[in-house]
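Visitor: Sequence first, predicted coordinates after that:
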Amino acid sequence: MTRFPRPIPDRHLRPPMGWNSWDCYGTTVTEDEVLANAAFMHDHMLAHGWDTVVVDIQWYEPTARSHGYNPDAPLVLDAHGLQQPAPNRFRSAADGAGFGPLADRVHQLGLRFGLHIMRGIPRRAFAARLPVAGTSWTADEIADTDSVCPWNSDNYGLNHDHPGAQAYYDAQVAQFARWGVDFIKADDMLFPYHEREIAAYARAIARSGRPIELSLSPGTDVSVAHLDHLRQNSTMWRVCDDLWDRWEDVEAQFARMARWAPWQGAASTGGSAAVGWADADMLPLGRIGIRAERGDDRLCSLTRPEQISLLTLWLISRSPLMMGGDLPTSPPETIELLTNDEALAVLWHSTDNREVLREKDLILWTAQDTDGRTRYAAVFSLAGTPRRVTVPLGSLGARPDDHVRELWTRTDTPHDGRSLVTDLPAHGAVLLRLGQDMR
């Protein structure tokens, strides 16, 4: 007999789960706001698998603002062109302490600390010809000025025909390791696909001597043809551009995650085991837009059924979960969704996840539980109006005598042994557990 909810597996065997400052604070998050979210996660979410706190882009920008980036921003750099936290936003970083004190505070809460970094080397380091740590080279010698990010002007790319390029990444990640960083979100890596930059960054992490997970962004048009390289070099990779609280953004993820879901998790890559996760992007739920790049201070604009559909797709496709809303000021009903262990068990314990039907406005997904007996299914309606859906049990991989439980409502779902009938709201979904003994 399998008992539910199941224990949470080791985090290396499941997708990462955490909070990221981007959707609520954009480039402007402060130390106090990071700590408030970390404390909330410790108190309310750690027991449900949420364990990572990530400071997103431009933590080294003292004049950062909402709704965009400042041109030629006065980035805080050390003598070797390495980014340092802006002391006016992160007071514990004063006097060269970096993120060490903040990471210590997060670790004391039993959580992991992460940060965002842009691909390449700051243009200000290039202009000042700052020396690359531990070498005789300078920033202007290792930069690739033709390789620039189309949406942020802070950095140039690196010329990986020059050994100083790897030396710069080695020094940067070594600094992060000294600070106690556990998770790095490296941006501007995937569109176009910067194969040498990705490999160089993974090499720097390996050389740092600290087990750091690497997340790659933004993921626009990323192809499954890169799967082996992604698995060899990263923990997770985005498969889309930024996702916001618009139904069209969520709906576009159904096709993407159907393409990537069969490849989630562990695989043998290059003769060794590798674990990697296609990332459907952050969860724009709860209170977002406080000082964000997109929109003003607001609660998530998705309806509750649309939020449930989003979470259902992320869970049954085994996407990493990175909450984008401010945790302390998000509605309790949002936190309730994020801490539903019966639903989260699909993320933790499922395998063979796949879309099995897409006809008109109806989408069905199925998965197996690692216990070998239990199965999961999701029924989605893309229709803009409520509808009653009749689904043959065989289409869900269910047997006539299966017990069916809906996991968001935590209620048993009756059926006649042939079909399951469910009433779905506009853009709604149900997440089901199927099996013989559901106690």
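Guide: Looks like it arrived, so ask away.

Visitor: Mind listing the residues bridging to Ala378?
Guide: Beta-bridge partners for Ala378, by DSSP bridges, are Trp365, Leu431.

Visitor: So it sits against Gly428, correct?
Guide: No: applying CB atoms under 8 Å, one finds Ala378 not in contact with Gly428, separated by 11.1 Å. Placement of C-beta: from N, CA and C, glycine included.

Visitor: what about the helices in the chain?
Guide: For the chain, helices defined by DSSP state H occupy the ranges 22-25, 31-44, 100-108, 123-128, 139-142, 163-179, 195-208, 227-233, 247-260, 304-316, 332-338, 341-349.

Visitor: which other helices and strands contact the second one?
Guide: Looking back up the chat, that one is helix 31-44. In terms of contacts (3 or more CB pairs under 8 Å, 6 or more residues apart in numbering; DSSP states H and E), helix 31-44 is packed against strand 17-20, strand 52-55, helix 100-108.

Visitor: starting at the chain centroid, how far to the second one?
Guide: For strand 52-55, the separation from the chain centroid amounts to 10 Å (computed by CA atoms, centre = their mean, to the nearest Å).

Visitor: That one: partners in the sheet, and parallel or antiparallel?
Guide: Sheet pairing of strand 52-55 (DSSP bridges) gives strand 17-20 (parallel), strand 112-118 (parallel).

Visitor: Let me know which of the ones you listed is the nearest to Gln436.
Guide: strand 17-20 (29.7 Å; CB to CB).

Visitor: what's in contact with the closest one?
Guide: Here strand 17-20 makes contact (CB atoms under 8 Å, 6 or more residues apart in numbering) with 11, 37-38, 41, 49-54, 56, 112, 114, 183, 185, 282, 320-324, 327, 347.

Visitor: which residues are contacting stretch 289-297?
Guide: Contact with stretch 289-297 is made by 22-28, 65-68, 242, 244, 287-288, 298, 326, as judged by CB under 8 Å, 6+ apart.

Visitor: rewinding a little: please list only the buried members of the contacts of strand 17-20.
Guide: Listed as buried from the contacts of strand 17-20 are 37-38, 41, 49-54, 56, 112, 114, 183, 185, 282, 320-324, 327, 347; burial here means 16 or more other CB atoms under 10 Å.

Visitor: Tell me which stretches of the stretch 301-439 of the chain form strands.
Guide: Secondary structure of the stretch 301-439 of the chain (DSSP state E, counting those that start in this stretch): strands located at 321-323, 350-359, 362-369, 375-381, 387-392, 403-406, 411-412, 419-424, 429-435.

Visitor: Please tell me how far Pro305 sits from Arg123.
Guide: 46 Å (CB to CB, to the nearest Å).

Visitor: Fine by me, thanks again.
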